[in-house]
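In: Dropping the sequence and predicted coords here.
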Amino acid sequence: MSWLEYTVFIATVLALVHPLGSYLARVCERRRTFLDPLLLPVESALYRLLGVRGEQEMSAVTYAVCFLSFGAGCALLLFLVLMLQRILPGGPADTYLTTPMTVDLAANTAVSFTTTTTWQAYAGESTLRYLSQVLGLVAQNFLAGAGGLAVGFGFIRGFARQSAATIGNFWVDLVRSLLWVLLPLGLIGSLALIWQGVPLNMSPYTLAHTLEGRTQVIAQGPVAALEFIKNLGTNGGGFFNANGAHPYANPTPLTNFMGMLAICALPAALMITLGQLTQRVRVGWTLLSVMVVLFIGGLAVCDRAERAPPPELADLHLVGGNMEGKEVRFGIGESMLTTVVTSNTSTGSYNAQHDSYQPLGVLVPLTFLLLGEVVFGGLGTGVYSIVMLALMAAFLGALMIGRTPEYLGKKVTAAETRWIALYVLTPPMVVLVLTAIAVLTQAGRAAVSLNTGPRGFTEILFAYASCMANNGLVLSGLDANNVFYNTTTIVAMVAGRYGLAVLALLAAGLFAGQRRVAPSSGTMPADTPTFGLLLIGTILLFAAVSFLPALAMGPIVELLQR
Amino acid sequence: MLVLSLVTGAVFPLVLFAIGVFLFPYQASGSLTLLREAVVGSSLIGQDFTGPEWFQPRPSAAGKGYDGTASGASNLAPTNPALKEGASGFVGIRELAAQYRRRNGLAADTPIPIDAVTRSGSGLDPDISPANAFLQVARVSKVRKLEEDRLRQLVAEHVVQPQLGFLGEPRVPVLELNLALVRLQAAAASQTAR
């Protein structure tokens, strides 16, 4: 049964990439779309309000500076909303807000939601007021998602343009991403969620008198406003503590399926956008094939790991897969699909608790986090996640045959290679150093008390890998709401979002300045199965070289200890 | 920034409110289930049933169990001995399985569906597997003095099949099943009275 669902899912994503990819190309190039009559007046009104000169083009450096200052501004705004939430009206009674909004928690949350990480060191229903969720978090889910898509557009232009000094205008890309993509899709998707049962109200928590004569208090809120855009913008942070496992956030298998589609469809479609705008559609399809192969591989391993009950429970005569931390309506199938989708796409909207997974079931999402979100990836940011590694693959391939490396018609010279190498080296430096600091300090180790031994180490590694990948998935056994983790994860989130984006944009700026060269006999074609295999090899090799020792101390040793 | 924040954080939710609450008022207010005009729970949110006369939900790690304001899971790894053997304030799976067998009059080696002894991801799972529900029929039937066959039929009627035929797993919503049980008992009582 699950494989039917997996197949339908992959087929649906692949069926959507061409229409969506072409549409995104039109949005990126400011060509005509069917929404123009409605949106063009809004667009120009917004530019007037914001003081944006739409026709003004930016160099890669200016573009990156705008992206950085936008992120910083958003983070500051969200920080203020969170710190001032005491004075916001409405929402749950104070007695339910048991987690204090400390300065470090507010700073962590502000950075987390403005970098699409949405790492949550708090539980929504016991920390936040409704208006902080809506004015603060919903807004940032849109803005951070649109910021990512804008950077993706800017990066693509680096390859689409020739002898150009500019890669577009960040503010235009941002506004168009919001108006043409996220707001309309977000509205339709959110309505579908309400139809399926996701609440949207500002009521106080409901007091119910159960059939057995006891009482139950049920948390409410404007849940539907957040739950679709969190997936569409590849953010992932949930309204409630249990995120996508909570039946109000994700009431039916259909809402889960829609959420997974919302996560994957746009990042996958951007491969087609990239192909179309560089006039090399087959290269886009090659990248997509690489993604699908890795996706299916991860799904197969995860499914197999969780489908069996844990061997530790063998003498208890239990029937079924590893259901600890999983919901009956999703079963193993939809939980695994969600694990593989969310760990790959900078979207931590889990619907099952990964800390109760089998060691192999944890190894798969952790590996995907460490691969750098190359399968579909975050909205917009996923374009450079895979292309930067494809450039590395082209470089390695060209070294083997002694030619100048080329990709998408651009030469990869020493200048570009500098940014690419830094890009590839940044994640291991950040993740491994932070993990080492956590393991070596009392404050870092104190957070690991529920699960100890190798699983405890995995919890720490997973946390920094997740924040570096701007993902937000968590092994929740880690006690993360304290000054140590609230500050150190900020370092990883900032490096993962801004560090990588700036390096990618700088490389894109250099590529934009080049002429596009016609393929010659010395060109290694980038649209063949051979190149696809080379790329898969490169991705796995880089991850293995950087992270295999760390993985060996975590899930691998846990697996061998059984 | 402020302008865009207001567009996405205020205008968007307001538009969504206007349309969503108009089209789907029941869902928007939390799918609350009423019995004789009093709220007995939400059809989406699991709640605890401990008495032997009820179909019982899965164990829960939300607060002290099915706390609707504290969703959460055990977060224990399968390799952590506490998950099976328990720890202070935490009942392990071995004990949960023994309790389940004792309560439902099952032999020590009767296979039981794993959802009956594991805690869900949210702690608020409203469903149990059909196999779990059927195993509880004999007990409920004995306590309520209702025919086993009639109860088995009731459970079968309440099995929710995978959506569109392939999405998710078959499941039985516990609160709805228990409400149906109340109605069935009332109908049976009025029949005997006549």
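Out: Looks like it came in fine. Residues are numbered from 1 along each chain as shown, chains lettered A, B, ... in the order given.

In: B:Glu176: how many residues sit nearby?
Out: Using other CB atoms under 10 Å in any protein chain shown, B:Glu176 has 17 other residues around it. Heads up, the C-betas are built off the backbone N, CA and C, glycines and all.

In: Tell me how far it lies from B:Phe55.
Out: Shown here: B:Glu176 relative to B:Phe55, a distance of 10 Å by CB to CB, to the nearest Å.

In: A:Asn169 too?
Out: A:Asn169 is 60 Å from B:Phe55, by CB to CB.

In: again, but for A:Gly73
Out: A:Gly73 is 53 Å from B:Phe55, by CB to CB.

In: Tell me which of these two has more neighbours.
Out: Between A:Gly73 and B:Phe55, B:Phe55 has the larger neighbour count (other CB under 10 Å), namely 25 against 15.

In: list the contacts for that one?
Out: B:Phe55 makes contact with B:Phe49, B:Ile128, B:Ala133, B:Gln136, B:Val140, B:Val155, B:Val172, B:Val174, B:Leu177, B:Asn178, B:Leu181 under the criterion CB atoms under 8 Å, 6 or more residues apart in numbering or on different chains.

In: which non-adjacent residue is nearest the residue nearest the centre of chain B?
Out: In chain B, the centroid-proximal residue (CA atoms, centre = their mean) is B:Pro126; its distance is 2.8 Å. Leaving aside its chain neighbours, B:Pro126 sits nearest to B:Gly46 (4.3 Å; criterion: CB to CB, 6 or more residues apart in numbering or on different chains).

In: Verify the stated contact: that neighbour with B:Gln56.
Out: No - using CB atoms under 8 Å, B:Gly46 makes no contact with B:Gln56, being 10.7 Å away.

In: what about the two, which has more around it?
Out: Shown here are B:Gly46 and B:Gln56; by other CB under 10 Å, B:Gly46 has more neighbours (29 against 22).

In: secondary structure class for that one?
Out: coil (DSSP: H, G, I helix; E, B strand; the rest coil).

In: Once you drop chain neighbours, what's closest to the closest residue to chain B within the stretch 1-150 of chain A?
Out: Proximity of the stretch 1-150 of chain A to chain B (CB to the nearest CB) peaks at A:Ala139, 2.9 Å away. Spatial nearest neighbour of A:Ala139, chain neighbours left out: B:Gly9 (2.9 Å); criterion: CB to CB, 6+ apart.

In: List the contacts of the one you found.
Out: A:Val134, A:Leu135, A:Gly136, A:Val138, A:Ala139, A:Gln140, A:Phe142.

In: what's the answer for A:Ala60, then?
Out: A:Gly154, A:Gly158, A:Ile167, A:Leu505, A:Leu506, A:Ala508, A:Gly509, A:Leu510, A:Ala512.

In: ok so, going back, what number of residues lie near the residue of the stretch 1-150 of chain A closest to chain B?
Out: With other CB under 10 Å as criterion, A:Ala139 counts 28.

In: same check, this time on A:Val61
Out: Using other CB under 10 Å: A:Val61 sits among 13 other residues.

In: and stretch B:153-163, how far from the chain's centre?
Out: Remark: stretch B:153-163 is offset 14 Å from the chain centroid, using CA atoms, centre = their mean, to the nearest Å.

In: buried residues in that stretch?
Out: Buried residues in stretch B:153-163, defined by neighbour count with 16 or more other CB atoms under 10 Å in any protein chain shown: B:Leu154, B:Val155, B:His158, B:Val160, B:Pro162, B:Gln163.

In: Filter these to keep only those in contact with chain A.
Out: By CB under 8 Å from any CB of the partner chain, the members of those lying near chain A are B:Val160, B:Pro162, B:Gln163.

In: ok, the residue nearest to A:Ala139 to A:Leu200 distance?
Out: Applying CB to CB to B:Gly9 and A:Leu200 gives a distance of 15 Å.

In: do the same with A:Ala75
Out: Taken as CB to CB, the span from A:Ala75 to A:Leu200 is 27 Å.

In: Kindly indicate which of the ones next to chain A among the buried residues of stretch B:153-163 lies nearest chain A.
Out: For those, the nearest to chain A is B:Gln163 (4.8 Å; CB to the nearest CB).

In: Now the closest one, what are its backbone angles?
Out: phi -60, psi 140 (degrees, to the nearest 10).

In: Spit out the contact partners of A:Ala262.
Out: A:Leu185, A:Gly189, A:Phe228, A:Asn231, A:Leu232.

In: How about B:Leu179?
Out: Contacts of B:Leu179 by CB under 8 Å, 6+ apart are A:Leu211, B:Thr33, B:Leu35, B:Val40.

In: same deal with B:Val137?
Out: Applying CB under 8 Å, 6+ apart, the residues near B:Val137 are B:Glu148, B:Leu151, B:Arg152, B:Val155.

In: Of those residues, keep whichever come out buried.
Out: Judged by 16+ other CB under 10 Å, buried ones among the contacts of B:Val137: B:Leu151, B:Val155.

In: Give me the subset of the contacts of B:Val137 that lies in helices.
Out: B:Glu148, B:Leu151, B:Arg152, B:Val155 (DSSP state H).

In: State the phi and psi torsions of the residue nearest to the first one when sequence neighbours are not counted.
Out: Of all residues not flanking B:Glu148 in the chain, B:Ser141 sits nearest, at 4.5 Å (CB to CB, 6+ apart). Recorded main-chain torsions at B:Ser141 are phi -60, psi -40, according to degrees, to the nearest 10.
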